[in-house]
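Student: starting from these lines, generate the structure:
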Amino acid sequence: MIASGATDFFLVGKSRVVEEGAVVGVHSWADWRGITAQDLPRDDPAHELYIGFYESIGWTRAQAEDFYFFTIEKAPAEGMYAMTPQEMLATGVATKIVPASN
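Tutor: All right, here's what the predicted structure looks like:
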């Protein structure tokens, strides 16, 4: 299981293999004032820090925006959303899903 900031660390890898049954959690963010990403319009400059991070690890602008807005739409800052294997592949979080090893 990985979630929150650990998911961002995982994304730095070029080959991101996820076993079936693994949990990858994502959510929105909140700042020290209580403002959340969900409170801001899509064109607010505050989003750029996060989108820029995904671009810096090699994602295209479109991939970065798609994944970032996916995360903030799926769960509030105090929550967590467990991605499906299909979502992991579609967003680029996983490059491959493999059967769980026992």
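
Student: which other helices and strands contact the lengthiest helix in the chain?
Tutor: Longest helix in the chain, counting residues (DSSP state H): helix 61-74. When contacts are defined as 3 or more CB pairs under 8 Å, 6 or more residues apart in numbering; DSSP states H and E, helix 61-74 packs onto strand 24-26, helix 48-56, helix 85-91. For the C-beta atoms, the positions are set from N, CA and C on the backbone; glycine is no exception.

Student: name the stretch among the ones you listed that sits most buried.
Tutor: strand 24-26 (a mean of 22; mean count of other CB atoms under 10 Å).

Student: list the contacts of the longest helix of the chain.
Tutor: Contacting residues not belonging to helix 61-74 are listed as 26-29, 36-38, 42, 47, 50-55, 59, 81, 83, 87, 91-93 [CB atoms under 8 Å, 6 or more residues apart in numbering].

Student: residue 83: neighbour count?
Tutor: Using other CB atoms under 10 Å, residue 83 has 23 other residues around it.

Student: again with residue 77
Tutor: Using other CB under 10 Å, residue 77 has 18 neighbouring residues.

Student: what's the spacing between it and residue 102?
Tutor: 36 Å (CB to CB, to the nearest Å).
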